[in-house]
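K.L.:
Can you look at this prediction? I've put the sequence above it.
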Number of protein chains: 2
Amino acid sequence: MTRRGSVPATPGARAVLNGDRRALARLITRVEGRDPSVVPTLRSLYPRTGRARVVGLTGPLGVGKSSLINALLQHLRAEGHQVAVVAVDPTSPFSGGSVLGDRIRLDRRADDTGVFIRSMASRGHSGGVAAATREVVRLLDAAGFDVVLVETVGSGQVDVEIRDIASTSIVVLVPHLGDEVQTLKAGLFEIADVFCVNKGDLPGAESASRDLLELAGLGPGREGWRPKVVTTSARDGTGIAPLWAAVNAHETYLDSDGRRAAGERRRLGHELVELVRERVARDLEERLDSDVEVGTLLDQLATRAIDPYVAAERLFATLRADPTGPKE
Amino acid sequence: MTRRGSVPATPGARAVLNGDRRALARLITRVEGRDPSVVPTLRSLYPRTGRARVVGLTGPLGVGKSSLINALLQHLRAEGHQVAVVAVDPTSPFSGGSVLGDRIRLDRRADDTGVFIRSMASRGHSGGVAAATREVVRLLDAAGFDVVLVETVGSGQVDVEIRDIASTSIVVLVPHLGDEVQTLKAGLFEIADVFCVNKGDLPGAESASRDLLELAGLGPGREGWRPKVVTTSARDGTGIAPLWAAVNAHETYLDSDGRRAAGERRRLGHELVELVRERVARDLEERLDSDVEVGTLLDQLATRAIDPYVAAERLFATLRADPTGPKE
């Protein structure tokens, strides 16, 4: 049985714990590339995780998420937090690049080691993106950042999966989107613990915020929490302190009645399922071209002698645990 | 051992084979909802599949894919084909709805049973969308449609996964996108067997098509195939016959040197891996809340006594094949 701390620290893990930011960046690159050789480092760091507050931040393009994050960073640094930002960045084969790119340009001093910013491209399977993001968040957590902001551009599935990594999620809108909030419906309320109406100096901000509050009051809310609505103006810093106070209020709510522990357990459960799925897929993909048993199944499928469901069941029956433990 | 045709035909399967379009539509709805009770019907229809030509059609919003499909439908109907169209439709929690919606409005007579159109929402996991689309294509194949067009809006991962369902893929662009084709790069060439430069009456169409041809000639092409480039104008039907001829040329290419069989084998292999992954995830998710063994693992994870990778390996070791065969 593996006990706390009994997985030997790798050189990478030691570097992260010693505050080596370049080593941290290199490890993140390997996680992003789903490089399996990084697993021993992740394993040995796992006991040092679970301390960071992980806050998700999502919303459509053009609502000013980057300026908002800049303003939040200043606020959090002034409060003495060590803050990391992970921008999860959808790529498209049609743009050949990323939507967010290097958008986040910060006013911070280059020598401020209390801030760490990283864009992650979301090439590949959305499930893989969520897994990679979770591991990057853990690296940052182990590196001593006590607040990790995870930004996604509001584009569907990835947001929902990232939602499962953060303990509090902020959905950012702007007034004119707020007006159309009736059409946004359930999807947003599944994600949001806090609504942020940014560009609050634009006309319509007040009514947008009122509409959201009213809608937030209609349902039971996620786990009994009624989403807070905060109006901000990232340009002049209006509303940033109340926005963070709303995040803290939700975090305090989680601390009552065992909600945080239950939430973490649920998240760990999903993670386990995902890891076993990945493990199974990796094993099977390795066998597709070489394994005689698999070859026979494919032959029978191709001639329609058997159907894919019975073939899958037979293949499932050939899965065998590796007695040597996790592959490293 | 299950032999060809030995899975008893369900009432749904019989209805599909008898050309009952309403029964077909209802089955598709169940597939879309990942309703497991539809599996016996899919199994009993599997021996009746593999005859349809499955053609993917993708490209960014605004390139006129719907008009192009309308024009293709007319052409294919005139050639005597039975044609089904599946529009895979990404949804966003921010729009609350679908991108494509009911866009496809056809000029066809309502009583033309040789055409079947269906939009599928892509809520949920992108892997799930690909699996559902594959099953819907098989239903349409079994129902006797000899051409199935699968349309996606060019939005990344889903396109790549759908690529794996079609034997020929058309990427639709417009001239001004063609001009920027240098930035589109590898992604598109991974997908395209045929490039269609639509709105060919716009300025720049000729140079866009020339650029694409040049780029297509640079690489080795997918499996030795050099993508064809066709200029169309869906409005007046220009280029539609050459577009279909390009698809046929690629299909003929597949028929040589065992490429089609190799491709189908590869696709079936991926499908098998996906089915086993789904099967594993379903089993484990059922056990998350109830199973004592899983509960202990989650407790140990929450206290950081073990790490997720060793927990996943232990969980993997508890997977057991169901001796009763595929669940129905």
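P.N.:
Cool, the structure landed.

K.L.:
do the longest helix seen in chain A and chain B meet at all?
P.N.:
In chain A, taking DSSP state H as the definition, the longest helix is helix A:259-288. Yes. For helix A:259-288 and chain B, the contact criterion (Cβ under 8 Å from any Cβ of the partner chain) is met by A:261, A:264-265, A:268-269, A:271-273, A:275-277, A:279-281, A:284-285, A:288. For glycine as for every other residue, the C-beta is placed from the backbone atoms N, C-alpha and C.

K.L.:
Spatially central, which residue of chain A would that be?
P.N.:
A:I162 (3.5 Å; Cα atoms, centre = their mean).

K.L.:
Tell me the confidence at A:I28?
P.N.:
Looking at A:I28, its pLDDT is 94.

K.L.:
Who are the packing partners of the strand or helix carrying it?
P.N.:
Per DSSP states H and E, A:I28 falls inside helix A:21-32. Under the contact criterion of 3 or more Cβ pairs under 8 Å, 6 or more residues apart in numbering or on different chains; DSSP states H and E, helix A:21-32 touches helix A:11-17, strand A:115-121, helix A:126-142.

K.L.:
wait, what's in contact with the residue nearest to the centre of chain A?
P.N.:
A:56, A:58, A:88, A:130, A:133, A:150, A:152 (Cβ atoms under 8 Å, 6 or more residues apart in numbering or on different chains).

K.L.:
and if we set it to 10 Å?
P.N.:
By Cβ atoms under 10 Å, 6 or more residues apart in numbering or on different chains, the contact set of A:I162 is A:54, A:56-58, A:86, A:88, A:122, A:126, A:129-130, A:133-134, A:137, A:150-152, A:169, A:191.

K.L.:
Likewise for A:D289?
P.N.:
A:295, B:265-266, B:269.

K.L.:
Which stretches in the stretch 101-250 of chain A count as strands?
P.N.:
Using DSSP state E, counting those that start in this stretch, the strands of the stretch 101-250 of chain A run over residues A:115-121, A:147-153, A:168-173, A:194-197, A:228-231.

K.L.:
The last one near chain B at all?
P.N.:
This means strand A:228-231. No. For strand A:228-231, no contact with chain B is found by Cβ under 10 Å from any Cβ of the partner chain; the gap never falls below 16.9 Å.

K.L.:
if you average pLDDT over that strand, what comes out?
P.N.:
On average, strand A:228-231 scores 95.

K.L.:
And the contacts of it?
P.N.:
A:170, A:173, A:175, A:178, A:192-201, A:205-206, A:208-216, A:238-247, A:249-250.

K.L.:
Provide the strand pairings for that strand, with the direction of each partner.
P.N.:
strand A:194-197 (parallel) (DSSP bridges).

K.L.:
chain center to the strand it pairs with: distance?
P.N.:
The chain centre lies 18 Å from the centre of strand A:194-197; the measure is Cα atoms, centre = their mean, to the nearest Å.

K.L.:
Stretch A:265-273 now?
P.N.:
The answer for stretch A:265-273 is 14 Å, by Cα atoms, centre = their mean.

K.L.:
Flag every buried residue along it.
P.N.:
By 16 or more other Cβ atoms under 10 Å in any protein chain shown, the buried positions in stretch A:265-273 come out as A:265, A:267-273.

K.L.:
will you turn these into a markdown table that also has distance to A:V230 and pLDDT?
P.N.:
Formatted as a markdown table, the buried residues of stretch A:265-273 follow (distance: Cβ to Cβ, whole Å; pLDDT from 0 to 100):
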| residue | distance to A:V230 | pLDDT |
| --- | --- | --- |
| A:R265 | 29 | 92 |
| A:R267 | 25 | 89 |
| A:L268 | 30 | 92 |
| A:G269 | 31 | 93 |
| A:H270 | 29 | 89 |
| A:E271 | 30 | 90 |
| A:L272 | 35 | 92 |
| A:V273 | 34 | 91 |
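
K.L.:
Just give me the closest of those to A:P11.
P.N.:
A:E271 (25.6 Å; Cβ to Cβ).

K.L.:
Leaving out sequence neighbours, find the closest residue to the closest one.
P.N.:
B:P308 (5.7 Å; Cβ to Cβ, 6 or more residues apart in numbering or on different chains).

K.L.:
Next: A:I28.
P.N.:
A:I28 sits nearest to A:V136 (Cβ to Cβ, 6+ apart), 5.3 Å away.

K.L.:
Verify the stated contact: the one you found with A:R34.
P.N.:
No. When contacts are counted by Cβ atoms under 10 Å, A:V136 is not listed as touching A:R34 (11.8 Å).

K.L.:
Can you pick out the residue with more neighbours from the two?
P.N.:
Between A:V136 and A:R34, A:V136 has the larger neighbour count (other Cβ atoms under 10 Å in any protein chain shown), namely 25 against 15.

K.L.:
Contacts only, for that one.
P.N.:
By Cβ under 10 Å, 6+ apart, the neighbours of A:V136 are A:24, A:27-29, A:31-32, A:42, A:84, A:86, A:88, A:118, A:120, A:148, A:150, A:165.

K.L.:
Looking at the residues you listed, spot the one nearest chain B.
P.N.:
Relative to chain B, the closest of these is A:L42; by Cβ to the nearest Cβ it sits at 7.2 Å.

K.L.:
residues near the closest one, how many?
P.N.:
24.

K.L.:
which secondary structure element contains it?
P.N.:
helix A:39-45.

K.L.:
do the helix or strand just after that helix and chain B meet?
P.N.:
Once the chain leaves helix A:39-45, the next helix or strand it forms, by DSSP H and E, is strand A:53-59. Yes. Strand A:53-59 lies within reach of chain B by Cβ under 10 Å from any Cβ, at A:58-59.

K.L.:
quick one, strand A:53-59 and strand A:147-153 angle?
P.N.:
If you take axes from the mean of the first three to the mean of the last three Cα atoms, to 10 degrees, strand A:53-59 sits at 20 degrees to strand A:147-153.

K.L.:
Start and end of stretch A:201-208, how far apart?
P.N.:
12 Å (Cα to Cα, to the nearest Å).

K.L.:
Provide a list of residues in contact with A:F195.
P.N.:
A:F195 neighbours (Cβ under 10 Å, 6+ apart): A:59, A:170-173, A:178, A:181, A:188-189, A:208-209, A:212-213, A:215-216, A:227-231, A:243, A:246.

K.L.:
which of those residues count as buried?
P.N.:
Applying 16+ other Cβ under 10 Å to the contacts of A:F195 flags A:59, A:170-173, A:178, A:181, A:188-189, A:208-209, A:212, A:215-216, A:227-231, A:243, A:246 as buried.

K.L.:
circling back to that earlier point, go through the strands of the stretch 101-250 of chain A and name the closest to A:L301.
P.N.:
strand A:115-121 (34.7 Å).

K.L.:
picking up where we left off before, closest to B:T10 out of the buried residues of stretch A:265-273?
P.N.:
Distances from B:T10 to the buried residues of stretch A:265-273, taken by Cβ to Cβ, are shortest for A:V273, at 30.4 Å.

K.L.:
I'd assumed B:E285 was in contact with that closest one.
P.N.:
Yes. At 5.8 Å, A:V273 and B:E285 qualify as touching, with contact defined as Cβ under 10 Å.

K.L.:
pLDDT below threshold where in chain A?
P.N.:
Scanning chain A for pLDDT under 70 picks out the ranges A:1-6, A:90-111, A:122-127, A:154-160, A:177-187, A:219-222, A:320-328.

K.L.:
coming back round to it: just curious, which of the contacts of A:D289 is nearest to B:D257?
P.N.:
Nearest to B:D257 among the contacts of A:D289, with distances taken as Cβ to Cβ, is B:R265, at 13.9 Å.
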